[in-house]
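Novice: need a 3D model of the following:
(2 chains)
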Amino acid sequence: MNKKNTSSRVDRDAVLKARAILLAREIDDKRTEAEFTDVVEFMITDESYGIELKFTREIYPLKEITPLPASPAFISGIVNVRGEIVSVVDIKKFFDLPDTETHAKPHLIILENENMTFGLLADRIVGMGRIDKTRLQGALPTMTGIREDYLIGVAKGRMALLDGGRLLTDKKMHIDMAS
Amino acid sequence: MFRFFSKSIMARLTFHFFLVGFVPLLIFGATSYYYAKNMLESEVNQIVTSMNDTNKKAVVDFLEERMKSIRLQSKSQNIAVLSDNNFYQIAHSLYKDYMDIFGYTDILMLDQSGIVMFSATINQNDATADVSFLDDPVLEKLAKAVVAKKDIAMTDMTRYKPFHSISIFMGAPILGDDGEPSAILVFVINASQISNLTKKNVETGKTMESYLVGPDFLMRSASRFTDKSVVMSRNVDSIASRLAFEKGAGTTKMTDYRDQKVMCAYSTLGLNNRLGTTFDWAIITKIDQDEAFAFLHNLRRNIILTLFLLLVLVFGAGYIQSNGIAGPLKKLSSHVALMDEGDFSIPWPVGAYTRSDELGLLINSYNRGINRLRKQIRQMKDSANLLVSSISQISATASQLSSSASETSSSISEVTTTMEEVRQTSEISMEKAQNVARSADRTSKISQAGKSSTENTMAGVNRIRKEMNYIAESTVKLSEQTQRIGEIINTVTDIADQSNILSVNAAIEAAKAGEHGKGFAVVAQEVKTLADQSKDATSQVRTILDDIQKATSAAVMATERGTKTVEEAVELSEQSGDAIDRLTADVEESSEAALQITVSTQQQLTGMDQLSQAMESINDATLQNLDSVRQLEEAIKNMEDMGHIMTNFVNAYKI
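Specialist: Okay, here's the model as predicted:
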């Protein structure tokens, strides 16, 4: 009886050790190679969002939106930015977020690449920020649905970093009135 | 019977229905029956008479024809030859045909004295055959008659022994050259031939028959219901036969030889007149009354049957009609009888007689009347009860009155003594009232002083109010200024925001410039920091401003409360002013009242004296009242008795 007990203890130690080796993970040393990027931080309702600076052209204080009939719900309308017509996308509607009334004065973040220019409605502009792209966390479990697809990750301070490149190249944004 | 009719309308009505409906019919039926009978009788008489005449004619014609034939024979040459030469042979052949044609039994030849010389049947073959057995007194008689008359003679029906038959002998003289009858020719006619005649024509009907009767009332011919044996043997000594020989012709009713009631016609043939015979026959034709009046019997039966049916109908209709009239009347009378006994309780069955004729009206009126009566009696009963109870109440009241009158009497003496006490008390109160008047004067002066001090208080309070209003206005101004500061702060905040955005845009531009923009990025960062600082400062100012605003509004509120309090104080001081005014007036009034009390107490004292005199007269009146109440009690007792009588009277009715 005793003999058997000791033998089983030896076996158990061996098993545990083997399991520890198997489960152990290597230390990630890539952290040292930080990759910083400048972002514009803004608020939509109570949630904090960010978008990389390289996709933004400018911040424009919104004065008046001209509604555009026969357009998708997320297109709030068009606006005249110093002689240029820019369409206004309500990211709340685009992400199917609950439409809460905010009394803040909205601002337009004008995104641009070589093909596309449009403005995102932001309830408040927080300011500039610099974040480490390598230390981004995955999307929060609450951020599901369509939002997940346009998210790069969540930076500290729960700032959701939006994929500006994807938004600009997204087919949904291309509205061909002719079709 | 008449008493029954007089008691029952129904019986009387039924009887009158019978009288009016049935009796005329009865009379009508009887009359028509009587006339029908008479008519029928006369018709039957005519039929029978005509039949009788037909038969009579037949018989007379027959005999007349035979007579003519014998006359012809007796005068013919042949006969003369025969009687002369006695050629029997020839004679036989001659008469044979005759006998065959006319149906004679025999043809005889007699001499003047009646001796038979020749018989056509006997001397048929043998001329010498003896014919003496044919001699008979009848023939002798005939011969004598013929010789005497020198003309044709005829015998009545006679039983002729030689031939064992009943026959009629007809004799005719055969005159010789001298004109005297030399021989007599005799035809023997069988009675059955006559019978055949009377039988032949009566085959119509069932019971009609005809027969001949001789003066000896023996039948001369067989009738329909008899054979020939009755001829000359049956006696028909009937009313008809006698009447025929007495009156000649006519009709009668009688009972015949068959014990049947018959209608008969009778008539004499008148042979003695027409044929010159010594006798005469009567012919009688009759028919049974049963047959003749069969129709009449039917009529009578039908009339009786109809009358019986009508009787039933009339009685039925009479009964129903009179029941329809008398039934409700009976019911009504029973109701009225109950009413007579004072019983109104049985209600008339609703809807029992809903008819609109006079009876219906009567019943309806009766119903309405009885209902009204019932209602009245009920009311009477109620009022009688009410009366009795009222009387007992009155009686109780009267006794109470009596006792209270005696109480009043004792109370009055108490009142008199009390009054004396009151008198003394009012003297004391007069003194007291004079004291009160003096003290009221003093109080009036004090209240005047109170009034002037209250007016001073009111003036002070009004000044305070003005000061409070000034404070309130200043506070409001302060509040307005504070708000203006808030607006300025908003503008500053706005500028800070815009600076922030400007810094972001600058940063973007710097980023776009790459390495060259790095310095610019630092400037942008500085701008942002500046913006953030100004924003912080403004928020601090805002916090302070908010505190100021809160304090200001608290001050405003406090001022308002103060103003209200001052107003209340003004109001209160006004109220106290008023109260002091009223107090002054009251004190003056009470001073006056005390004076009046003094005066009225003096009047009271004199009034008390008058009152004691009045009390004495009241005492007298009370004693009189006592007597009256006793009389009243007696009267009420009488009334109570009357009420009981009335109740008993009303209770006799049942409703």
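Novice: quick one: the helix or strand where residue B:459 lies near chain A?
Specialist: Assigned by DSSP states H and E, residue B:459 falls within helix B:358-513. Yes - remark: helix B:358-513 sits within contact range of chain A at B:497-498, B:500-501, B:503-505, B:507-509, B:511, by CB under 8 Å from any CB of the partner chain. Where you see a C-beta, it was placed from the backbone N, CA and C, and this is true even at glycine.
Novice: tell me the helix or strand right after that helix.
Specialist: For helix B:358-513, the following helix or strand on the C-terminal side (DSSP H and E) is helix B:518-651.
Novice: does that following helix reach chain A?
Specialist: Yes - Helix B:518-651 reaches chain A (CB under 8 Å from any CB) through B:524-525, B:528.
Novice: if we can go back for a sec, report the buried members of the residues of helix B:358-513 next to chain A.
Specialist: B:497, B:500-501, B:503-505, B:507-508, B:511 (16 or more other CB atoms under 10 Å in any protein chain shown).
Novice: any chance of those residues in CSV, plus pLDDT?
Specialist: Listed next are these as CSV, based on pLDDT from 0 to 100:
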residue, pLDDT
B:497, 85
B:500, 86
B:501, 86
B:503, 88
B:504, 86
B:505, 88
B:507, 86
B:508, 85
B:511, 82
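Novice: return the set of buried residues in stretch B:308-315.
Specialist: B:314-315.
Novice: which residues touch it?
Specialist: Applying CB atoms under 8 Å, 6 or more residues apart in numbering or on different chains, the contact partners of stretch B:308-315 are B:14, B:17-18, B:21-22, B:25.
Novice: output stretch B:404-416 as CSV, restricted to C-alpha atoms.
Specialist: Taking C-alpha atoms only, stretch B:404-416 is exported to CSV below (Å, rounded to 0.1, in the frame of the first residue of the first chain):
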residue,chain,number,x,y,z
SER,B,404,-102.2,69.1,33.4
ALA,B,405,-105.0,71.6,34.2
SER,B,406,-104.7,70.6,37.9
GLU,B,407,-100.9,70.7,37.6
THR,B,408,-101.2,74.2,36.0
SER,B,409,-103.3,75.3,39.0
SER,B,410,-100.6,74.2,41.5
SER,B,411,-97.9,75.6,39.2
ILE,B,412,-99.5,79.0,39.2
SER,B,413,-99.2,79.3,42.9
GLU,B,414,-95.6,78.4,42.6
VAL,B,415,-95.1,80.9,39.8
THR,B,416,-96.7,83.6,42.0
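Novice: now do the end-to-end distance for stretch B:147-159.
Specialist: The first residue of stretch B:147-159 is 23 Å away from its last residue (CA to CA, to the nearest Å).
Novice: the helix holding residue B:459 packs against which elements?
Specialist: Packing partners of helix B:358-513 (3 or more CB pairs under 8 Å, 6 or more residues apart in numbering or on different chains; DSSP states H and E): strand A:36-44, strand A:56-61, strand A:124-132, helix B:294-340, helix B:518-651.
Novice: can you lay out those as CSV showing mean pLDDT?
Specialist: Shown next, in CSV, are these (pLDDT from 0 to 100):
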stretch, mean pLDDT
strand A:36-44, 87
strand A:56-61, 88
strand A:124-132, 84
helix B:294-340, 84
helix B:518-651, 86
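Novice: so which of the ones you listed is nearest residue B:381?
Specialist: Checking the helices and strands packed on helix B:358-513 against residue B:381 by CB to CB gives helix B:518-651 as the closest, at 4.6 Å.
Novice: ranges for the helices of the stretch 151-300 of chain B?
Specialist: With helices called from DSSP state H, counting those that start in this stretch, the stretch 151-300 of chain B shows them at B:191-200, B:239-247, B:271-274, B:289-292, B:294-340.
Novice: cool, chain A as well?
Specialist: Counting by DSSP state H, residue ranges of the helices within chain A are A:2-23, A:91-94, A:146-149, A:164-169.
Novice: mean pLDDT for the ones you listed: which is lowest?
Specialist: Sorting the helices of chain A by mean pLDDT places helix A:146-149 lowest, at a mean of 72.
Novice: got a list of contacts for that one?
Specialist: With CB under 8 Å, 6+ apart, helix A:146-149 has contacts from A:94-97, A:139, A:160, A:166.
Novice: please pick the buried ones from those residues.
Specialist: Buried, going by 16+ other CB under 10 Å: A:94-95, A:97, A:139, A:160, out of the contacts of helix A:146-149.
Novice: how many neighbours does whatever residue of the stretch 301-450 of chain B ends up closest to chain A have?
Specialist: As assessed by CB to the nearest CB, chain A sits closest to residue B:450 within the stretch 301-450 of chain B, at 64.5 Å. Residue B:450 has 15 neighbours, counted by other CB atoms under 10 Å in any protein chain shown.
Novice: residues in contact with the residue lying closest to it once chain neighbours are set aside?
Specialist: Among residues not flanking residue B:450 along the chain, residue B:580 sits closest, at 4.5 Å (CB to CB, 6 or more residues apart in numbering or on different chains). Taking CB under 8 Å, 6+ apart, we find residue B:580 in contact with B:447, B:450-451, B:454.
Novice: and residue A:10, by the same measure?
Specialist: Taking CB under 8 Å, 6+ apart as the definition, residue A:10 has no contacts.
Novice: next one: it from chain B, what distance?
Specialist: 64 Å (CB to the nearest CB, to the nearest Å).
Novice: how far off centre is stretch A:120-137?
Specialist: 9 Å (CA atoms, centre = their mean, to the nearest Å).
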